[in-house]
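Novice: Need coordinates for the following:
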Amino acid sequence: MQLAVSCDMLVDGRHFLSTVPPARLGHKALAVNLSDLAACGAEPLAFTLALALPRADDEFLAGFAQGLHALADAHGIELVGGDTTAGPLNICITVFGQVPAGQALLRSGARPGDDLWVSGTLGDARLALEVFRGTVTLPGAQFESVRRAMELPQPRVALGLALRGVASSAIDLSDGLVGDLGHVLERSGVAAVLHADAVPRSNVLAALPLALQRQCVLAGGDDYELLFTASPARRDAVQAAAARAGVAVTRCGEIVAGSGLRVQDAAGAELRAVWRGFDHFA
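Specialist: Down below sits the predicted model:
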């Protein structure tokens, strides 16, 4: 087996809002790290936690621990160490996993002719953020639905495991579809055609203006779904892997020779708008 290690930091005001319930914050802090393991097809083993808090707060810690350990229990892993200190609220988790030697899903394996797939639906987390910002208004039940997507992402660990030997490359969608796809294209030395309106989205998002839909699904971030490539000959195997994992997958583009990304609408016309992923230093 090979060891898979990932470290992800969440900073108050940068990666989450102060309005998030502590239990949901605990869940998300671990989920975003498990998503990295899912993207390489690794089985989770354990994790550490480094936590900075403005002050000792028993109520916050009880909720945070409940959400954190509930997700850890769901994946059969333990908190095995870490550190705490006073400071601005900052959560840093390092997660450890294992994968059979040579079977890890990498960003560098995409080849011309491969299909481009995504799991689940994209864009709801960004839509929730726009509601918090006041640029979009949603009825209560719809807002709770997209808020849940933002605050309680589900790491696709089972899908990542099922895609070993099937997918040619993979990455998790943390900073937006266009930006994260760019990492795969760069590492693989290929280009892609992305069919923007084929990217799956929820019924809530699909009822809103098309420009907003595209912004949310292409550059929204915080989705924590898997983006992966696979040979067209493996389409049945991809669907079988998705069925075993209990996650829907959608084909939304193809890998081609060259460099760069072309984004097309449903009619095949190229979209000229510029979408960028989340910039942690902007």
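Novice: which residues of the stretch 151-282 of the chain score low on pLDDT?
Specialist: 274-275, 277-282 (pLDDT under 70).
Novice: Let me see the ranges of the helices in it.
Specialist: With helices called from DSSP state H, counting those that start in this stretch, the stretch 151-282 of the chain shows them at 157-162, 177-188, 203-206, 210-219, 235-245.
Novice: Mind checking those helices for the one nearest to L226?
Specialist: Closest approach to L226 among those is made by helix 157-162 (5.8 Å; Cβ to Cβ). For glycine as for every other residue, the C-beta is placed from the backbone atoms N, C-alpha and C.
Novice: What are the contacting residues of the closest one?
Specialist: 34, 37-44, 75, 105, 119, 170, 226, 241-242, 244-247, 249 (Cβ atoms under 8 Å, 6 or more residues apart in numbering).
Novice: still on that earlier bit, ok, and which of the helices of the stretch 151-282 of the chain has the densest surroundings?
Specialist: helix 157-162 (a mean of 23; mean count of other Cβ atoms under 10 Å).
Novice: picking that back up, quick check: which of the helices of the stretch 151-282 of the chain is nearest to V11?
Specialist: Minimum separation from V11 across these (Cβ to Cβ) falls at helix 177-188, 18.8 Å.
Novice: before we move on, back to that, in JSON lines: the helices of the stretch 151-282 of the chain, plus distance to L138.
Specialist: Output for these, formatted as JSON lines (distance: least, Cβ to Cβ, whole Å):
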{"stretch": "helix 157-162", "distance to L138": "28"}
{"stretch": "helix 177-188", "distance to L138": "22"}
{"stretch": "helix 203-206", "distance to L138": "7"}
{"stretch": "helix 210-219", "distance to L138": "12"}
{"stretch": "helix 235-245", "distance to L138": "29"}
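Novice: Indicate which one of those helices is closest to R126.
Specialist: Closest to R126 of the helices of the stretch 151-282 of the chain, according to Cβ to Cβ: helix 210-219, at 4.2 Å.
Novice: Now do that closest one against helix 177-188, angle only.
Specialist: 40 degrees (axes from the mean of the first three to the mean of the last three Cα atoms, to 10 degrees).
Novice: re earlier: now restrict the contacts of helix 157-162 to buried residues only.
Specialist: 34, 37-44, 75, 105, 119, 170, 226, 241-242, 245, 247, 249 (16 or more other Cβ atoms under 10 Å).
Novice: which ones are touching E151?
Specialist: Applying Cβ under 8 Å, 6+ apart to E151 gives the contacts 16, 20-21, 24-25, 27-28, 128.
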